[in-house]
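J.: structure for the following, please:
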Amino acid sequence: MIQSLLNIPESYRITIGILTLLFSFILGFVVIRENGRPSKTIAWLLVVVLFPVLGFLLYLQFGLNYRKRKMYRFKKTVDIERYHKIIDDEYFKFEGREWFHIPEVKDNIRLAKLLLKGSKSLFTHHNLVTVLYDGPATYDAIFADIEAAENFVHVQYYIFEDGEVAERFLNLFERKIKQGVKIRLLYDAVGSWSLSSNYKTRLSKIGVEHHEFMPVRFAALGNRVNYRNHRKIVIVDRKIGFTGGINVADKYITGNHLGKWRDTFIRLEGNSVNGLSFLFLSDWLFATKEDLLERRNFHVSDRKGGCSVQIVGSGPDSDYAGVMQQYGTMINSAKKYVYIANPYLIPGEVLLDAILTTAMSGVEVRILLPGNSDFQLVRWSANSYLEELLEAGVRIFRYSKGFLHAKVLVCDDQVTSIGTANMDIRSFELNFEVNALVYDAKTAKEVRNRFLEDCVNSVEIDLARFKQRPFSQKLMESFSRLVSPLL
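T.: Prediction:
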């Protein structure tokens, strides 16, 4: 092949070179015109310049924001102004509410108002909160509440795959449908690409309304494809809601080659469930064109408990990077400690600076990461940040009792975040995510204690030993960090 290329007349080689250069220039101009983050733009420019044809194909599949544009157009056609008007009114009346003087709320008013304004996250009080720390406990709680459902059940997952857990859902769905309960199921087309056609046929046969979220071609290329719905939401009769990091897969019960999966889910009762309902029904509308965003699908509850909760939704159709703003504000506002558990740490410049600044100001910062990884490139990229974090005084632990998949952040025995969002660019800008933000001392102390227990079952990274890792590994980490905006 090389000999054949050498035999091409020089005039042709010059023409091909000029055309390739012109092609790279045009595509580079398109990339720049997207007005994305500089780090992401530079990464794509590097790919395009080095591999013009391949870079063009990759950019069409993974980089171009044509779906994002479509989402913005769609969003403008949907009548959700009433819901947003309620939230806008709450923003200006917030200081006059009865819960304003609760210490956990008053001390974090900047966070609460930021999410009201930027993410349209309704602030609710008198919620009952239960934190669940593994797959078996989570599934048992979900199945018990579905068993008691009287009107409808809404279920949404990123990964919904065949197995024992999926069969339990199917059998329970069938029983409830016979009792007159409406079941709606939404699953991401890429995350659930392995869900069998046989299972989908059985869902249809028993009467479950089920739909894929944003089908794509070549789904089997993997689950790192742009604009995926990473949310996990279960809603029962408008009164009970769940969210967190656990998908529908047997590995959350039996484990897999990575070990036992350590994850966290949260169960909510109260008006906070309306936030989950709004996100589910918005996603349902996008996937099916069926508009269920009417008042009867929301609920005004009695006082269930004493917890204040905001449901933080974020996605490529959001005006702001809500989850990144949430994480950054929590970290910057911490006075005593901030504990972070997350399986994917690619914070980017903004959050990295927040963590470094907070740690160097004397606040105790701990980060809990998996001891092993299901994505080697992501692990290398995360490692590239660890040395400067350790030098700033951050204590970093690798969980050794299985695979850590929880997405938890807790600060100062006051505020706790439990949800679906990883600490990476994909969750901040590309995926549809949801976090439950709880303003409650009891919940924060419980989650803090569990975090410290997980640290006992972990290995703390020593800075001196970490610096001694092989040069080849450092090189891979540097390369992975360079392309991390594309991960």
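J.: how does this protein divide into domains?
T.: The chain is divided into the following domains under automatic domain parsing: 2-64, 130-302.
J.: mind checking the pLDDT average for the last one?
T.: When you say that, I think you mean domain 130-302. Mean per-residue pLDDT for domain 130-302: 92.
J.: quick one: that domain to chain centroid distance?
T.: The chain centre lies 15 Å from the centre of domain 130-302; the measure is Cα atoms, centre = their mean, to the nearest Å.
J.: quick one: Val350 and Thr329 touch, right?
T.: No - using Cβ atoms under 8 Å, Val350 is not in contact with Thr329; the gap is 11.0 Å. For the C-beta atoms, the positions are set from N, CA and C on the backbone; glycine is no exception.
J.: out of those two, which sits in the busier spot?
T.: Between Val350 and Thr329, Thr329 has the larger neighbour count (other Cβ atoms under 10 Å), namely 19 against 15.
J.: now that one, what's its secondary structure?
T.: helix (DSSP: H, G, I helix; E, B strand; the rest coil).
J.: quick check, pLDDT for it.
T.: 97.
J.: give me the nearest residue to it, chain neighbours excluded.
T.: Leu111 (4.8 Å; Cβ to Cβ, 6 or more residues apart in numbering).
J.: ok, that neighbour - how many residues close by?
T.: Leu111: 24 surrounding residues under other Cβ under 10 Å.
J.: also Phe375?
T.: So Phe375, with other Cβ under 10 Å, has 15 neighbours.
J.: over to it: give its phi and psi.
T.: Main-chain torsions, Phe375, degrees, to the nearest 10: phi -140, psi 100.
J.: any idea how far it lies from Leu345?
T.: 12 Å (Cβ to Cβ, to the nearest Å).
J.: roughly how far apart are the residue nearest to Thr329 and Gln325?
T.: Leu111 is 9 Å from Gln325, by Cβ to Cβ.
J.: same check, this time on Ser272
T.: For Ser272 relative to Gln325 (Cβ to Cβ), the value is 19 Å.
J.: the more surrounded of these two?
T.: Using other Cβ under 10 Å, the more surrounded residue of Ser272 and Gln325 is Ser272, with 29 against 21.
J.: list the contacts of that one.
T.: Taking Cβ atoms under 8 Å, 6 or more residues apart in numbering as the contact definition, Ser272 lies against 124, 127, 241, 309-311, 436.
J.: just send the residues you listed back as CSV, with neighbour count, secondary structure and distance to Tyr199 too.
T.: Below are those laid out as CSV (neighbours: other Cβ atoms under 10 Å; DSSP: H, G, I helix; E, B strand; the rest coil; distance: Cβ to Cβ, whole Å):
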residue, neighbour count, secondary structure, distance to Tyr199
Thr124, 21, strand, 36
Asn127, 24, strand, 34
Gly241, 28, strand, 25
Val309, 29, strand, 34
Gln310, 24, strand, 35
Ile311, 28, strand, 29
Ala436, 27, strand, 29
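J.: which of those lies closest to Gly255?
T.: Ala436 (25.7 Å; Cβ to Cβ).
J.: isn't the closest one up against Phe242?
T.: No - the pair Ala436 / Phe242 is not scored as a contact, 9.3 Å apart, by Cβ under 8 Å.
J.: overlap in contacts, these two.
T.: Common neighbours of Ala436 and Phe242, counting by Cβ under 8 Å, 6+ apart, are 266, 268.
J.: averaged pLDDT, the helix or strand that contains Lys93. What do you get?
T.: Assigning secondary structure by DSSP states H and E places Lys93 in helix 81-93. Mean per-residue pLDDT for helix 81-93: 79.
J.: any buried residues in that helix, and which?
T.: 83, 87, 90 (16 or more other Cβ atoms under 10 Å).
J.: give the other helices and strands that that helix contacts.
T.: helix 109-119 (3 or more Cβ pairs under 8 Å, 6 or more residues apart in numbering; DSSP states H and E).
J.: what lies in contact with the helix it packs on?
T.: With contacts defined as Cβ under 8 Å, 6+ apart, helix 109-119 is touched by 87, 90-91, 94-95, 100, 105, 121-123, 310, 312-314, 318-320, 322, 325-326, 329-330, 333, 415, 437, 439.
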